[in-house]
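Asker: compute the structure for the input listed below.
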Amino acid sequence: MASSSSQSSAAAASLLQRQLKEITNAKDVPGISVGLLRDNVFNWEVILMLDHDLKYYGGAIFRAHLTFPPEYPHLPPKMVFQTPIPFHPNIYPNGELCISILHPPEDDKYGYENASERWSPVQTPETILLSVISLFSEPNEDSPANLDAAKLLRQEKEGGPKEFRKRVRKCVRESVGED
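Answerer: Just a heads-up that it's a prediction; the model follows:
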């Protein structure tokens, strides 16, 4: 008889296979490409091709790994950007994405996030990636993972030097192999 955790892992693998097929076949999700990393359904490679209309990051192409736990969809995946790592207030210098919907479904010990903003099993890889693209459109400098990026963005929004934009443009050029 199979253990409960192996049954849970098998159910997660089946769900992820279905969700991978759905997002791969989706015609209404432009700018997102996904595939398995090392033929493991729990590890996806993601390519985000950000539209030129995005205020800061338009024209960028970023690669990331989306790693799902065996307890998915009850626990969230983790997303880590690969080199070059985007200069972004919500991306740690090691490439790990910090976004509320990927935080565990528990009370926020710091009191910053409502439970409704955190992970819920109704989220899917598609909704996660659409939220990430939205975050590139409107970075959240109020809850930064990269303090330097958040500080520069705030200064720019307050009429200061365009240093944030300059650093992002360099990052965008690197993402398409121009630097």
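
Asker: which residues does stretch 70-80 contact?
Answerer: Contact with stretch 70-80 is made by 5, 8-9, 12, 15-16, 42, 46, 64-69, 94-97, 99, 101-105, 119, 121, 123, 125, 128, 132, as judged by CB atoms under 8 Å, 6 or more residues apart in numbering. C-beta here means a position set from N, CA and C on the backbone, and glycine is covered the same way.

Asker: just the buried members of these?
Answerer: The neighbour-count criterion (16 or more other CB atoms under 10 Å) marks 8-9, 12, 15-16, 42, 46, 64-66, 68, 95-97, 99, 101-103, 119, 123, 125, 128, 132 among the contacts of stretch 70-80 as buried.

Asker: picking that back up, now, the contacts of stretch 70-80 that are in strands?
Answerer: 42, 46, 64-67 (DSSP state E).

Asker: between which two of the residues you listed is the distance greatest?
Answerer: Within the ones in strands among the contacts of stretch 70-80, 42 and 64 form the most distant pair, 14.9 Å apart (CB to CB).

Asker: what's around residue 44, how many residues?
Answerer: Using other CB atoms under 10 Å, residue 44 has 23 other residues around it.

Asker: so who does it touch?
Answerer: Contact analysis of residue 44 by CB under 8 Å, 6+ apart lists 20, 34-37, 65-68, 125.

Asker: hmm, try it at 10 Å
Answerer: 16, 19-20, 23, 34-37, 64-68, 77, 79, 125, 129 (CB atoms under 10 Å, 6 or more residues apart in numbering).

Asker: also residue 94?
Answerer: Contacts of residue 94 by CB under 10 Å, 6+ apart are 80-81, 85, 145.

Asker: over to residue 108?
Answerer: By CB under 10 Å, 6+ apart, the contact set of residue 108 is 100, 114-115, 117-118.

Asker: pull the most distant pair out of the residues you listed.
Answerer: The span of the contacts of residue 108, defined through CB to CB, is set by 100 and 115 at 10.2 Å.

Asker: who has more neighbours, those two?
Answerer: Relative neighbour count places residue 100 above the other of residue 100 and residue 115, with 18 against 12, counting by other CB under 10 Å.

Asker: which residue packs closest to the more buried one, ignoring adjacent ones?
Answerer: Closest residue to residue 100 apart from its sequence neighbours, by CB to CB, 6 or more residues apart in numbering: residue 117 at 4.2 Å.
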